[in-house]
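Student: The amino acid sequence is not available; the structure is as follows:
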């Protein structure tokens, strides 16, 4: 009798056991809160402020990532373009620009050891022209390179497929709020040390200047960026719990792992306008 | 009586666990109707199960021969007008039985299948008084070529190519960052990775 019930139990257990498919990363991001529009250039500045390599466990990394949805005019194409750098526990930083169509990584490459944890600034930029998507990384490797505006510029490009622009801002589709331009921190699993990662100059080129709008928080579970048919796509997939902000002001947020999680959709900054910076190269036409 | 109690106990247990798992499954079901995009590094590309999930069909891995003079070196010192050859090993790993071999282009100065990679070093030169006398961008790609610049490589095969670095006498910069640049598999779903056991990124210093 007991054997019979045990078999029933086993059957029901196996029937209901959820199958985990794929990989999710922990992600805490921000987005520009404006009505949706399409543009051709987006940018963010990353800095691993106050973060020591020893704070990153071996086999993990702390990523600073810019993500944007591709579009044909105002229609999302299902393409997602990402310009991420990742800091490892040896203090070195790799660059992994990549393009996704839905859940498939269609283009990607690696630029190894393009910087170190203590470099003052990495500007991640993505742009589209009549034939290509181009990813740029402007690496300012010391304060003299900032003073002279003389970074190392890494570039990678691939075919633009059916995209002619990027979406910026948010819109509701089938009851889901999509945030088409995002910036944030991402790791394969949560790093519990008190790391800090700066996202500044989060902006897009509006034809006249590089513009920012109000900044708000999105989690790895609310980071809807685009859709194909009825399927929505998120960045990361899991919330980077324990991440809050160390400080923020217009166009800038410094994420910090404090142990308390900032509320989803909370305001990072309220202003909007044209970004102001001491270097020019990342903003060149 | 004992039988009834055991039956009630087991049914109760099944009910509670079933409810919990079913509830979790409903939540999971919601998640499975949406997809998350994790950014993919060399680690995930090397993991066949993860890679196939994201449409990655294989990779080209770059490493150094064991007798390489650059083993564990992070700096290379060269003179203006110098040439050096850096032997590299190219290893192809296919995740798809139908993908038995692949063409690889070694073209740092060309666009291959719409793809292009560049490194530019911005520079500023000043005189003794601190006045700027020259500034611009220097394309590092111009210094790099490969022999051969094309090969066909079978699954699991390892072949050697030589990366040639040629420093012109009038180069306007005194140091730059270098790694094997401009290597393009002729297949969109095959990616280039660098063997992390080797240092494959160098700081090149140029003496007059």
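Tutor: Cool, got the structure. Being a predicted model, the structure only gives us computed values, none of them experimental.

Student: can we go C-alpha only for contacts and neighbour counts from here?
Tutor: Will do.

Student: Against which helices or strands is the lengthiest strand in chain A packed?
Tutor: For chain A, the longest strand by residue count, based on DSSP state E, is strand A:75-87. Identification of packing neighbours for strand A:75-87 by 3 or more Cα pairs under 8 Å, 6 or more residues apart in numbering or on different chains; DSSP states H and E yields strand A:62-72, strand A:92-95, strand A:98-101, strand A:121-128, strand A:224-228.

Student: Tell me if I'm right that residue A:53 and residue A:117 touch.
Tutor: Yes. Assessed by Cα atoms under 8 Å, residue A:53 is found in contact with residue A:117 at 7.0 Å.

Student: Which residues are in contact with each of those two?
Tutor: A:87, A:91 (Cα atoms under 8 Å, 6 or more residues apart in numbering or on different chains).

Student: out of the helices and strands packed on strand A:75-87, deepest packed?
Tutor: Of all the helices and strands packed on strand A:75-87, strand A:62-72 carries the top mean neighbour count, a mean of 27, counting by mean count of other Cα atoms under 10 Å in any protein chain shown.

Student: Need the mean per-residue confidence for it.
Tutor: Strand A:62-72 carries an average pLDDT of 98.

Student: what lines up beside it in the sheet?
Tutor: strand A:75-87 (antiparallel), strand A:165-168 (antiparallel), strand A:181-187 (antiparallel) (DSSP bridges).

Student: so for the shortest one, what's the average pLDDT?
Tutor: If I follow you right, that is strand A:165-168. Across strand A:165-168, the average pLDDT comes to 98.

Student: Are the helix or strand just after that strand and chain B in contact anywhere?
Tutor: Elements were assigned by DSSP states H and E; along the chain past strand A:165-168, the next helix or strand is strand A:170-173. No. Applying Cα under 8 Å from any Cα of the partner chain, one finds strand A:170-173 separated from chain B by no less than 13.7 Å.

Student: Going by neighbour count, which residues in strand A:170-173 are buried?
Tutor: For strand A:170-173, burial by neighbour count (16 or more other Cα atoms under 10 Å in any protein chain shown) applies to A:170-171.

Student: ok, now stretch A:242-252?
Tutor: Applying 16+ other Cα under 10 Å to stretch A:242-252 flags A:242-245, A:248, A:250-252 as buried.

Student: Show me what the nearest residue to residue A:181 once chain neighbours are set aside is bridged to.
Tutor: Excluding the flanking residues, the one nearest residue A:181 by Cα to Cα, 6 or more residues apart in numbering or on different chains is residue A:68, at 4.5 Å. Note on residue A:68: beta-bridge partners residue A:81, residue A:181, judged by DSSP bridges.

Student: wait, what's in contact with residue A:68?
Tutor: A:80-82, A:166-168, A:180-182, A:225.

Student: Out of the residues you listed, which is nearest to residue B:69?
Tutor: If you rank the contacts of residue A:68 by distance to residue B:69 using Cα to Cα, residue A:82 comes first, at 36.1 Å.

Student: contacting residues for residue 54?
Tutor: Looking at chain A here, since you left the chain open. Contacts of residue A:54 (Cα under 8 Å, 6+ apart): A:89-90.

Student: Correction: the question concerned chain B.
Tutor: Counting by Cα under 8 Å, 6+ apart, residue B:54 touches A:103-105.

Student: any idea how far it lies from residue A:59?
Tutor: Residue B:54 sits 20 Å away from residue A:59, taking Cα to Cα, to the nearest Å as the criterion.

Student: so where's chain B shaky on pLDDT?
Tutor: Applying pLDDT under 70 to chain B flags the ranges B:1-32.

Student: Can you spell out the domain ranges of it, please?
Tutor: Structural domains assigned to chain B are B:1-36, B:42-207, following automatic domain parsing.

Student: before we move on, which element is residue B:122 in?
Tutor: strand B:116-126.

Student: quick one: buried residues of stretch B:187-201?
Tutor: Per 16+ other Cα under 10 Å, stretch B:187-201 contains these buried residues: B:187-195, B:198-201.

Student: How about that stretch and chain A, any contact?
Tutor: Yes. Residues of stretch B:187-201 contacting chain A under Cα under 8 Å from any Cα: B:188-189, B:191-194, B:200-201.

Student: end-to-end on that stretch?
Tutor: For stretch B:187-201, the first-to-last residue distance is 25 Å (Cα to Cα).

Student: Would you mind measuring the gap between the ends of stretch B:94-111?
Tutor: By Cα to Cα, one end of stretch B:94-111 lies 24 Å from the other end.

Student: about what we covered before: any chance of the strands paired with strand A:62-72 in a markdown table, with mean neighbour count too?
Tutor: Formatted as a markdown table, the strands paired with strand A:62-72 follow (neighbours: other Cα atoms under 10 Å in any protein chain shown):
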| stretch | mean neighbour count |
| --- | --- |
| strand A:75-87 | 25 |
| strand A:165-168 | 29 |
| strand A:181-187 | 29 |
